[in-house]
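Enquirer: Dropping the sequence and predicted coords here.
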Amino acid sequence: MKLAVIPWAEDTPPTESELERRLTGDGFEVFRWQDGPSADYPDHQHERDESLWLLSGGLCFTIAGERHALGPGDRLLLPSGTVHAALAGPDGATYLIGRR
């Protein structure tokens, strides 16, 4: 998997069930996660590939010095071993996390 931020480009807003179906179809185990306002995760990495799909709120990732802001419907593909930090927006963030 390659690092990518994929903005939501479809005409209709995403539903949680549709995004979960897509993640499962891509071979991910899926769970729902919620961060409170301004939740802050310092640099860390994961041992498995992850795909995050934002349901509501905002989430900003910093990867290799670059900032990647996600809004509802946006997806982040995060390869295993990628060092990253994350900061939830002022309203927090709710998202699906897929791991494989």
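Expert: Great, that's in hand.
Enquirer: Helix or strand for S17, just tell me which one.
Expert: helix 16-25 (DSSP states H and E).
Enquirer: pLDDT on that helix, on average?
Expert: Averaged across helix 16-25, the pLDDT comes to 96.
Enquirer: after that helix, next one along is what?
Expert: Following helix 16-25 in sequence, per DSSP H and E, is strand 29-35.
Enquirer: Next, the angle from that next one to helix 16-25.
Expert: Strand 29-35 and helix 16-25 are oriented at 130 degrees to each other (axes from the mean of the first three to the mean of the last three C-alpha atoms, to 10 degrees).
Enquirer: Pretty sure G27 sits against S51.
Expert: No - in this structure, G27 is not within contact of S51 by C-beta atoms under 8 Å, at 9.7 Å. Any C-beta I mention is one placed from the backbone N, CA and C, and that applies to glycine too.
Enquirer: of those two, who's got more company?
Expert: Comparing G27 with S51 by other C-beta atoms under 10 Å, the one with more neighbours is S51, at 23 against 10.
Enquirer: if I pick that one, what's in contact with it?
Expert: M1, L23, D26, F28, R75, L76, L77, L78, I97, G98 (C-beta atoms under 8 Å, 6 or more residues apart in numbering).
Enquirer: what kind of secondary structure is it in?
Expert: strand (DSSP: H, G, I helix; E, B strand; the rest coil).
Enquirer: again, but for P42
Expert: Secondary structure of P42, per three-state DSSP, is strand.
Enquirer: how far away is it from R22?
Expert: 30 Å (C-beta to C-beta, to the nearest Å).
Enquirer: Which one's more surrounded, those two?
Expert: R22 (17 against 9).
Enquirer: Tell me how confident the model is about stretch 1-10, as a mean pLDDT.
Expert: 94.
Enquirer: Please spell out which residues along that stretch are buried.
Expert: The neighbour-count check on stretch 1-10 (16 or more other C-beta atoms under 10 Å) flags V5, W8 as buried.
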